[in-house]
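S.K.: pasting a predicted model and its sequence here:
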Protein chains: 2
Amino acid sequence: MKAFSPAIAALIESLRILPGVGQKTAQRMAFQLLERHRDGAGKLASALNHALEVVGRCQRCRTLTEGDTCSICDNQARAAEGTVCIVESPADVLAVEQTSQYKGQYFVLMGRLSPLDGIGPADIGLDLLEKRFQDGGINEVILATNPTMEGDTTAHFIADLAARYNINATRIAHGVPVGGELEYVDHTTLGHAFSGRKSL
Amino acid sequence: MKAFSPAIAALIESLRILPGVGQKTAQRMAFQLLERHRDGAGKLASALNHALEVVGRCQRCRTLTEGDTCSICDNQARAAEGTVCIVESPADVLAVEQTSQYKGQYFVLMGRLSPLDGIGPADIGLDLLEKRFQDGGINEVILATNPTMEGDTTAHFIADLAARYNINATRIAHGVPVGGELEYVDHTTLGHAFSGRKSL
Ligand SMILES: [Zn+2]
Ligand SMILES: [Zn+2]
C-alpha cells in the first residue's frame, strides 16, 4: 500500500536535499507545510527560485551574493584596512562578522585544498587571490580556515603565497576547538581567536 | 554591516517556516543549497509548487491527497473490512500503515477537540464522520488519537457518537513500548500500562 500520493512523495524526497533532514523529518515537514503552512510553503518556493536566479558569486571575494560584487567588497572603508581574511565558506564570513572585531575584507575559498579529492589551488580560487596580492594594497592576510588538517594545510599554502608578495600572514588563534567547524563556534570564542592571531 | 544580500536573507527567512528550523539551521541550509545543491534546490521549489497546486484533502477520510479521494479510501478490499481507524494527522496514517497490522480504512481528524482553542466537532470533521456512521457498513471504530488529555477527550466523544449508531468503539492500548525498559518510561505511560493490565 502506497501511503503517500505522488506529489507528496516527491515533496518528501525533495526536502531530503536539506542538510540534516532524513526521511522522518522530511515527512513531518511535508505534512506541516501542506496542512498548516501553505502560504509559507509558497513563499519558500518563490524565495528558492528567486535566489537561484539572482545569487551568484562575488567576482572579488567569491562569496555568495547578487550583483557582481558583494557589499563588503564594495565598502571602501573596509578596503582601506588593507587586510584580507581567508575563510572556507560564506557561513564563515557571517560568523566572523558577528564578532564585530574585524573591519577588513574577505576571500572565500568555497572549500579547502584536498589533494585526495582532487581539489587544488585553482579550485579554491587561489589564482584570483594571487591577483589581489599582485594588485597591492594588502598588508595582512588573516588565515581563518577551519582548524582541521586540510584547513591547516590550506592556511600554510596561502601563507607561502603571501610571503612571495611580502605580505604578512597570520593564523587565527586556536581558541577555536580543534576539529570543530568555524560556523558553529560562539561569537566570544571566535573573537578571542581573532585577537590572539599569530604570524605564521 | 548586512552580512547577506536580500535574496539570501529572504531565503533564510522562508526556510524558517520549516518545523524545527531556527536561524542558524536556516542559514546553513540556504548556503548549502546555493553553494552545492542548486539542482536539488530547484527541484524542491518545483515539488513545493506542484504539491501546493494538486494536494488537497480526501473527501472521504480528510487525509492529504491529490484527486478527490485517497488510494486507501478507493481500495474496496479495505472498505469491506468494515473498520475505521480514527487518527489525528496524515503522519499517523503512515505510522499505522507501517505496522502492516491494519487492513481497514481511516478517518483523519486533522486535529483534536480543544474547546479552549475553539476547536469543536465540526472543525475536526465529525459531521462527515457521522455521515459515514449513518451510511452503514462500519462494525468497528478504532480510536487511535494520541494519549493526551485532548486526544482522550476526542476518543471518548467519538465513542459516544459511534454508540448512537450501535457501532463498537475500541481504543488502542497504551503502555510500555515493546523493547523499551521500564525505568526509562515516563510515569504517565507506566500508569497507563498498569491500569490497562490484562490476565495472562
Ligand atoms: Zn565580495
Ligand atoms: Zn481517504
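M.R.: Done, it's in. Ligands and ions are numbered 1, 2, ... in the order given.

S.K.: from B:Ala47, how far off is the spatially most central residue of chain A?
M.R.: The structure's chain A has its C-alpha centroid closest to A:Ser89; by Cα atoms, centre = their mean the separation is 1.5 Å. A:Ser89 sits at a distance of 26 Å from B:Ala47 (criterion: Cβ to Cβ, to the nearest Å). In short, each C-beta sits where N, CA and C put it, glycine included.

S.K.: the lengthiest helix in chain A to helix B:38-54, inter-axis angle?
M.R.: In chain A, with assignment by DSSP state H, the single longest helix is helix A:38-54. Comparing the axes of helix A:38-54 and helix B:38-54 via axes from the mean of the first three to the mean of the last three Cα atoms, to 10 degrees yields an angle of 150 degrees.

S.K.: residue contacts, A:Glu150?
M.R.: Contacts for A:Glu150 (Cβ atoms under 8 Å, 6 or more residues apart in numbering or on different chains) come out as A:112-114.

S.K.: what do you get if the cut-off is 10 Å, keeping everything else the same?
M.R.: With Cβ atoms under 10 Å, 6 or more residues apart in numbering or on different chains as the criterion, the residues that contact A:Glu150 are A:88, A:111-117, A:119.

S.K.: which residues does the residue in chain A positioned nearest to ligand 2 contact?
M.R.: Minimum separation of chain A from ligand 2 (Cβ to the ion) falls at A:Ser5, amounting to 10.1 Å. Under the criterion of Cβ under 10 Å, 6+ apart, the contact partners of A:Ser5 comprise A:11, B:51, B:54-55, B:58, B:63-67, B:70-71.

S.K.: near ligand 2, which residues of chain A show up?
M.R.: Of all the residues in chain A, not one is in contact range of ligand 2 (Cβ under 5 Å from the ion).

S.K.: hey, where'd the strands end up in chain A?
M.R.: Shown for chain A, the strands assigned by DSSP state E span residues A:55-57, A:64-66, A:83-87, A:105-108, A:140-143, A:168-171, A:198-199.

S.K.: determine which of those strands approaches B:Ala79 most closely.
M.R.: Taking Cβ to Cβ, strand A:55-57 is the member of those nearest to B:Ala79, at 50.5 Å.

S.K.: pull the residues that contact that closest one.
M.R.: Contact partners of strand A:55-57, identified using Cβ under 10 Å, 6+ apart, comprise A:63-70, A:90, A:108, A:110, A:125, B:4-8, B:11, B:30, B:33-35, B:38.

S.K.: quick one, helices of chain A?
M.R.: Assignment of helices within chain A using DSSP H yields the ranges A:6-15, A:23-35, A:38-54, A:76-80, A:90-97, A:126-135, A:149-163, A:187-195.

S.K.: save the contacts of A:Ser5 as JSON lines, and put in pLDDT and distance to A:Asp135 too.
M.R.: As requested, those are arranged in JSON lines below (pLDDT from 0 to 100; distance: Cβ to Cβ, whole Å):
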{"residue": "A:Leu11", "pLDDT": "95", "distance to A:Asp135": "48"}
{"residue": "B:Ala51", "pLDDT": "94", "distance to A:Asp135": "50"}
{"residue": "B:Val54", "pLDDT": "94", "distance to A:Asp135": "54"}
{"residue": "B:Val55", "pLDDT": "95", "distance to A:Asp135": "54"}
{"residue": "B:Cys58", "pLDDT": "94", "distance to A:Asp135": "64"}
{"residue": "B:Thr63", "pLDDT": "94", "distance to A:Asp135": "62"}
{"residue": "B:Leu64", "pLDDT": "93", "distance to A:Asp135": "57"}
{"residue": "B:Thr65", "pLDDT": "93", "distance to A:Asp135": "61"}
{"residue": "B:Glu66", "pLDDT": "92", "distance to A:Asp135": "57"}
{"residue": "B:Gly67", "pLDDT": "87", "distance to A:Asp135": "62"}
{"residue": "B:Cys70", "pLDDT": "93", "distance to A:Asp135": "64"}
{"residue": "B:Ser71", "pLDDT": "92", "distance to A:Asp135": "64"}
